[in-house]
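Visitor: Here is my input, please return the structure:
(2 chains)
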Amino acid sequence: MRKAVISTLAELADSHPEIYLLTGDLGYTVLEPFADRHPDRFINVGVAEQNMLGIAAGLAEAGFVPYVYSIATFAALRGYEFFRNGAILHNFRVRILGVGGGFDYGTAGPTHQALEDLGVMRIQPGLSVIAPNDVRQARAAIKNTWDADGPIYFRIGKDEKNTSAKFDGGFEMGRVDTSGSGGDICLLSTGSAALDLEKTAASLEEKGISCGFASVPTLAPAPTEKLADFLKGYAHAVTVEDHFAVGGLGSLVAEVIAENGLSCRLTRFGVTTSPRGPIGGVSYLRERHGLSADDIIRKIESILADKTS
Amino acid sequence: MNSAAVTSKTIRKIILEQSKRAHVGHIGSGLAIADIIAALFSGGLDIRNPEDPDRDRFILSKGHAALALYAALLLRGWLTQEDLDSFCTDGSLLGVHPEKELRGIDFGTGSLGTGLSFGVGAAVAARAQKSERKIVVLISDAECNEGSVWEAAMFAAHHKLSNLTVIIDADGQQAFGYTKDVLDLSPLKDRWSAFGWEAADIDGHDPEVLRKAITAPPGAGPRALIANTVFGKGVPFMENKIKWHYWPMSDDEYAIAMDAIGAHRA
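Guide: Here you go, the predicted structure:
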């Protein structure tokens, strides 16, 4: 999604001179479309994320709309305090583009696997958190939020081509994509994990198991009403994310269920142990952490088996 | 109230009065920068009003010395006495560290090492907008412990941000010791020069020296003024004493302090 995001940004910047793009020395072969077209508004700040987020706040105070690009772990964590005390506290229009949440940089090892970005970001009041499921939704998200008030954190995947079969790729703030209106089980996911989960849902369909499905690209402001509305129709909810089991979508869904007194039982799929050790691609790491399609299908079958016993 | 009302003596008086009323510390930190703040707000900074988008920007990155800044804002007429008297009371916008919600504050600070990056961004913005406004950031010498200060320093020099001035309140002490014992920063001027800044040592308590240094025309790149100051300056029993980073004054101490700064004399 990152190339699509950058080319969308470059186009927006044609007619919106406020837009800036800062990078922490990353984005080779990705950022050139913006850098070449708007060299006066592109800055490689070097490997200095704290300074990058501070500079973004300084730019935003004067009316600019800076986008800040790095791998999600660095974009979200190294400069977090500068983001918190800068853009978030001041309600400035700074946008973080955190690339490669979850296992997108799996072979790079745990330092590059962002498993907490959605959690640490969605807890900040006043900060919008967006994790598009596919390249179309990523483009729409950038286009439709570029001048939204206040700061935004985007988790942007690396997949540039696959698109959702279930949903139309649109986005506006607060967006939740759902299909199904009630039954035994619903599946919820966010970001590119939601895209892959569609295949799991299709496999379940083939086995005669029909699940409700929600792709949740808006994690903050929490789309509680839409989620509550969707969840109330189901006896069991299963959340799946390339993120720690605590803090992200699963926790958001737990909050919605509990606060609305829904009788929906929740199972959260997420990373529950340290990411240290064996590396690999997305599929391998999902398997390693018990988040594979097979793991999910087995769990759902056992939920249904428990019901009938 | 106008620029002429902003004097170091009045600022020191306000620092002592409000610290006593609110029964708080950080007194020494505020006193150390009283002359710098006076020089900035009596004409060093070009600020017609705090809402002017093209005003010079000032960032007190050494946020815990905020009382000195609040004093200047009062004397410039942008805060009321009632506002100032609410310092550190429930519901006040005047906390120990400045917040942007308060009129006259450009960036909220308090976490050391953040302000210079804000200032660098502001300087980039000013240049992009082809404005002649300048950006001044006041940091403490202890703040130079923070790596982010050096990230910002490298950036500013590399990008030749000649509209950016950093004033370092070099009083030689920090919260839990003297700088030479914690993390020796000397030679401080050489460090800034080595990072590509036009660096100069100046007397941080001489109004004329300060005024000249602050209003000097821009050079080829960013400028670092190492303002040699005395922690607690103006109140001899506080000068260079770590304790006065923290301690509130007793009634007796207050009386002695006010006398020392000549508060009861014209």
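Visitor: which residues touch the residue of the stretch 101-250 of chain A found nearest chain B?
Guide: Scanning the stretch 101-250 of chain A for proximity to chain B using CB to the nearest CB identifies residue A:126 as nearest, at 13.4 Å. From N, CA and C alone the C-beta is placed, and that goes for glycine too. Applying CB atoms under 8 Å, 6 or more residues apart in numbering or on different chains, we find residue A:126 in contact with A:88, A:91, A:150, A:151.
Visitor: got a pLDDT number for it?
Guide: Listed pLDDT for residue A:126 reads 98.
Visitor: how much space between it and residue B:105?
Guide: Distance, residue A:126 to residue B:105, using CB to CB, to the nearest Å: 19 Å.
Visitor: what does chain B put close to chain A?
Guide: For chain B, the contact set with chain A under CB under 8 Å from any CB of the partner chain comprises B:53, B:57, B:100, B:106-111, B:113-114, B:116-126, B:128-129, B:147-148, B:151-152, B:154-155.
Visitor: May I see the buried residues of stretch A:17-32?
Guide: A:18, A:19, A:20, A:21, A:22, A:23, A:24, A:27, A:30, A:31 (16 or more other CB atoms under 10 Å in any protein chain shown).
Visitor: from those, which is closest to residue A:243?
Guide: residue A:24 (21.7 Å; CB to CB).
Visitor: what kind of secondary structure is the closest residue to that closest one other than its chain neighbours in?
Guide: Nearest residue to residue A:24, sequence neighbours excluded (CB to CB, 6 or more residues apart in numbering or on different chains): residue A:70, at 4.2 Å. Following DSSP: H, G, I helix; E, B strand; the rest coil, we place residue A:70 in the strand state.
Visitor: On the strand side of things, show who residue A:70 bridges to.
Guide: residue A:98 (DSSP bridges).
Visitor: Let me know the distance separating it from residue A:114.
Guide: Per CB to CB, residue A:70 is found 10 Å from residue A:114.
Visitor: before we move on, what about residue A:198?
Guide: Applying CB to CB to residue A:198 and residue A:114 gives a distance of 22 Å.
Visitor: In terms of neighbours, single out the busier of these two.
Guide: residue A:114 (27 against 21; other CB atoms under 10 Å in any protein chain shown).
Visitor: Chain B: helices as residue ranges?
Guide: B:8-22, B:27-32, B:34-39, B:66-75, B:81-85, B:115-128, B:147-158, B:179-182, B:188-194, B:207-215, B:251-260 (DSSP state H).
Visitor: So which of these is nearest residue A:145?
Guide: Short answer: helix B:115-128, nearest of the helices of chain B by CB to CB, at 21.2 Å.
Visitor: The closest one - contacts with which helices or strands?
Guide: With contacts taken as 3 or more CB pairs under 8 Å, 6 or more residues apart in numbering or on different chains; DSSP states H and E, helix B:115-128 sits against helix A:49-61, strand B:57-60, strand B:135-140, helix B:147-158, strand B:164-170.
Visitor: Which among the ones you listed is found nearest to residue A:298?
Guide: The closest of those to residue A:298 is helix A:49-61. By CB to CB, the value is 40.0 Å.
Visitor: re the thing from before, residue A:143: which of the helices of chain B is closest?
Guide: Comparing the helices of chain B against residue A:143 with CB to CB, the closest turns out to be helix B:115-128 (23.3 Å).
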